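Predicted coordinates and the sequence they were generated for:
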Amino acid sequence: MKNSRIFSIARFRAMLAKEFIQMRRDRLTFAMMIGIPLLQLILFGYAINADPKHLPAAVLVADHGPQGRTLFSALQNSGYYDLVRQVKSEAEGRDLLARGSVQFVINIPENFSRDFIRGDRPELLVEADATDPGTTGNAIGSLSTALNTALQSDLKGSLEPLAVNDGPFDLRVHALYNPEAITHYNIVPGLMGV
C-alpha cells in the first residue's frame, strides 16, 4: 500500500504516452488544446491594450493668455488625447461625455495665466468618463506630466519655487459614471466576451 502513493516516473511516462495517443485519435481535442491558448495569446498579447492612446477629448479654453495657449498646444501634441472638439461651455462638455462622444473634457479656466503668473496655483479641471478606470488612470497620469513639462520654461525667476513643489497648478479630476473606480464593471463583461 505504501508504494502506491509514491510518485513513479514509469507510471507518469505511461500516462503521458496514453494521452498523446488519445490526442492523435481525437483531432477536435487536439485543436482545442492548441487553438484556445493561441487565441488567448493573440488577444491578451496584442488586441487588449492596457495603455491606450489617442483617446477622444474635448477642451474648454476660457483663458487665452500665454499659459492657456501653452496648455492647449501641449494637449494637442500629447499622444494620449485626440482633441476632437473645442467646447464653449461646461454644459456642452458634459453633454459630449454623456453621449459618449468624448472620454475627457479638459477645462482651462478663465484667468489661468493671470493666476499662474501670480503664483496662485490655478486649478485645471478634467472631467473623465471613468467607466474603464485603467484607461482613465493612465491618461490622467500622462496629462499631469505633459502639462507640467509644457509649463517648465515659464517657471523662472519668482515662479521658480512652483517647479519644486507640487507643480504650478492643481489638477482636479471628476471621474464620472464610475467614481469609485471599480474595475470589475469593465473587466467581467470583457472576459465574458472573450
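Perfect, I can see it now.

If I look at the spatially most central residue of the chain, what pLDDT would I see?
The centroid of the chain falls nearest to residue 135 when counting by Cα atoms, centre = their mean (2.1 Å). Note for residue 135: predicted pLDDT of 75.

Report the contact partners of it.
Neighbouring residues of residue 135 by Cβ atoms under 8 Å, 6 or more residues apart in numbering: 52, 55, 103. For every residue, glycine as well, the C-beta is placed using N, CA and C.

how much space between it and residue 53?
10 Å (Cβ to Cβ, to the nearest Å).

Residue 62 now?
Counting by Cβ to Cβ, the gap from residue 62 to residue 53 is 27 Å.

and if you look at residue 93?
With Cβ to Cβ as the criterion, residue 93 and residue 53 are 21 Å apart.

Can you pick out the residue with more neighbours from the two?
Ranked by neighbour count (other Cβ atoms under 10 Å), residue 93 and residue 53 place residue 93 first, with 24 against 13.

Number of residues surrounding residue 176?
Neighbour number of residue 176 under other Cβ under 10 Å is 16.

Wait, it touches residue 126, no?
No - Residue 176 lies out of contact with residue 126 (Cβ atoms under 8 Å); the separation is 10.6 Å.

Domain map for this structure?
2-47, 55-185 (automatic domain parsing).

Can I get the buried part of the contacts of residue 135 as one PyMOL selection?
The buried residues among these can be selected in PyMOL (16 or more other Cβ atoms under 10 Å) with this line:
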select buried, resi 55+103
